[in-house]
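In: Structure for the following, please:
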Amino acid sequence: MAALELAFLALGDDYRLADRNQYLLARNSYLGVLEKYPDLPAIAAKALWYLGWISSDLATDGQQGVSWYQRLITLYPNEKLSIVGPVPWLTIRAADPDLKQHASYPKTVLTWADIAHLEIIRHAVSREQAWQSFAAIQKAGADEVFAAAALKVLIEHHGFDDKSERLVREYLAKPDADGILKNDLLLALSDYRRQADTPGGTQ
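Out: Below is the predicted model:
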């Protein structure tokens with residue numbers, strides 16, 4: 001994994017302050033990792049994920065980011081996600097209230113493809129593409145909390161419709177629904193219904 005860490009260092013001391021030249025340097029470093037270790041899925045899948053992240057989140061080229069995520073899904077559909085979060089800011093859930101500052105994942109173990117689909121939902125231009133990735137997450141049997149988090153991202157970036165409203169209501173009805181996600185989804189649903197019930201609002 002040293003090659004991955006070295007590539008990340010190209011973004012500087014704080015990736016949030018990196019400039020375009022640093023993006024390109026990091027991108028080329030990850031491409032080099034990908035070229036050198038194509039037969040080591042644990043490394044290659046993460047390199048592809050970083051390429052997607054640099055493109056979509058740092059360089060704000062969502063379309064290019066989606067292309068990298070799709071390539072990851074195609075080449076390494078079953079590669080398990082390591083326990084260490086892929087980037088500093090990504091936290092799917094807090095498994096222990098005493099470990100709130102640590103990224104953690106369900107014991108069912110997600111795949112890199114699951115995470116890539118989540119990012120496609122976030123950056124997809126079309127609602128159809130976002131729904132396709134959400135359906136893939138459901139089909140893969142991902143952890144229920146992760147699927148609910150993906151639903152939240154879908155709603156935040158592509159809005160509500162009858163189908164998403166039904167799925168939200170189904171999740172809210174679960175007795176073991178994650179408390180934080182439940183509150184977020186309930187608030188989003190309440191806002192949607194308020195707008196829908198307002199003359200001239202969402203139909």
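In: what separates D19 from A148, distance-wise?
Out: Remark: distance between D19 and A148 (Cβ to Cβ, to the nearest Å) = 36 Å. The way it works is simple: take the backbone N, C-alpha and C, and place the C-beta from them, glycine included.
In: Which one of those two is surrounded by more residues?
Out: For D19 versus A148, neighbours defined as other Cβ atoms under 10 Å are more numerous around A148 (24 against 11).
In: Now do the SS call for that one.
Out: helix (DSSP: H, G, I helix; E, B strand; the rest coil).
In: for D39, same thing?
Out: The local conformation at D39, judged by three-state DSSP, is coil.
In: now the helices for the protein?
Out: Listed in chain order, the helices of the chain (DSSP state H) span 2-9, 20-36, 41-53, 62-75, 112-123, 127-139, 144-158, 162-172, 179-196.
In: This structure - how does it break down into domains?
Out: 2-142, 159-203 (automatic domain parsing).
In: Buried deepest among the ones you listed, which one?
Out: When those are scored by mean count of other Cβ atoms under 10 Å, the highest mean neighbour count falls to domain 2-142 (a mean of 17).
In: circling back to that earlier point, nearest to S82, of the helices of the chain?
Out: S82 lies closest to helix 41-53 among the helices of the chain, at 7.0 Å (Cβ to Cβ).
In: Which residue, other than its chain neighbours, is closest to G62?
Out: H123 (3.8 Å; Cβ to Cβ, 6 or more residues apart in numbering).
In: Over to R20?
Out: A59 (7.2 Å).
In: Please tell me how far that neighbour sits from R27.
Out: 8 Å.
In: Kindly report the same for L118.
Out: 21 Å.
In: ditto for A3
Out: Distance from A3 to R27, by Cβ to Cβ: 14 Å.
In: All set, thanks.
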